[in-house]
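Novice: Quick one, what's the 3D model for this:
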Amino acid sequence: NDDVSNYTMLTLLPPDLSHLQQKVQARDVIFVIDVSGSMAGTSIDQAKASLITALDGLTSIDRFNIIWFNDDTDSLFPKTVTATQQYKNLAKRFINKLEAGGGTEMLPAMELALSKQEIFSRFRQVVFITDGNISNETELFDVIDKQLGNSRLFTIGIGSAPNAYFMSKAAAKGRGTFAYIGNVNEVQEKTITLFKKLETPALINIQLAINSKTIDKNEYEVFPAILADLYAGDTATILIKGKQLPRI
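Specialist: Okay, the predicted model is just below:
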């Protein structure tokens, strides 16, 4: 029967980091923090504390920057800087002074976070921390589609009412992950866990070939269509649909 489709499920298990021949040596990490009025109180306090801890996880071969947004958007540095102790201490003082107030305009922050990317062999991670009070999804998706490049986009939604649709789809487009933290008292603990994971990418730029050839989309469907990177301790499941069972 020509209409019958076959399914193959593939599970990926990354090697232990100690056995990797080529580790990702240097990262560019862009931290983006929502400082709008709805973040006031525990949310902003815990988000700031988690960022300060995340800075300690950066090594001297990494680079970083911090972007904040409410009605306005700005960055701590004009471009990414080397994660020396001096720059990290400066950033910690800056983070401690952040206060929540104003509205939520994420679009300029997304444009800034995904712009002016230096061309290097660095692994670039962009992390948004927000309570997700976002409505202009279409414009934001357009920026991601046009400007993502080789960046990876991670979204962290905190509080009772983040826009989970936008944040999960944005992370999927960005080959990253979406973390939802409903209890604002757990923000620091759970974001630190995520930041720790982001320090240990095990397999990146994963490509799937069938019969030693790039996948013919007319012959096979692959779910998910965008393959995210794998970090230490992660697994990934890929589903392949087609008329013939593939040899991978």
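Novice: going forward, measure contacts between C-alpha atoms and count neighbours the same way
Specialist: Noted.
Novice: Residue 31 versus the residue nearest the centre of the chain, what's the distance?
Specialist: The centre of the chain sits closest to residue 154, judged by Cα atoms, centre = their mean, with a distance of 1.9 Å. Relative to residue 31, residue 154 is positioned 10 Å away (Cα to Cα, to the nearest Å).
Novice: residues touching the closest residue to residue 198 other than its chain neighbours, list them.
Specialist: Leaving aside its sequence neighbours, residue 198 sits nearest to residue 231 (Cα to Cα, 6 or more residues apart in numbering; 7.1 Å). With contact taken as Cα atoms under 8 Å, 6 or more residues apart in numbering, residue 231 is in contact with 14, 197-198, 200-203.
Novice: and if you look at residue 44?
Specialist: Neighbouring residues of residue 44 by Cα under 8 Å, 6+ apart: 35, 99-100.
Novice: so after the least confident helix or strand in the chain by mean pLDDT, what's the next helix or strand?
Specialist: Lowest on mean pLDDT, DSSP states H and E among the helices and strands of the chain sits strand 213-214, with a mean of 74. Downstream of strand 213-214, the next assigned helix or strand under DSSP states H and E is strand 220-223.
Novice: List the strands paired with that following strand, with their directions.
Specialist: Applying DSSP bridges, strand 220-223 is found paired with strand 236-242 (antiparallel).
Novice: roughly how far apart are residue 14 and residue 231?
Specialist: Residue 14 sits 7 Å away from residue 231, going by Cα to Cα.
Novice: quick one: pLDDT of the residue nearest to residue 198?
Specialist: On pLDDT, residue 231 comes in at 85.
Novice: again with residue 188
Specialist: 86.
Novice: now, among the contacts of residue 231, which is nearest to residue 55?
Specialist: Checking those against residue 55 with Cα to Cα, the nearest one is residue 198 at 12.2 Å.
Novice: any low-confidence regions in this protein?
Specialist: Applying pLDDT under 70 to the chain flags the ranges 1-3, 17-25, 116-121, 212, 245-248.
Novice: Okay, helices next: where are they in this structure?
Specialist: According to DSSP state H, the chain carries its helices in the segments 42-56, 85-97, 106-113, 137-147, 164-173, 187-198.
Novice: Reformat these into TSV and put distance to residue 180 next to each item.
Specialist: Below are those laid out as TSV (distance: least, Cα to Cα, whole Å):
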stretch	distance to residue 180
helix 42-56	13
helix 85-97	22
helix 106-113	18
helix 137-147	18
helix 164-173	8
helix 187-198	9
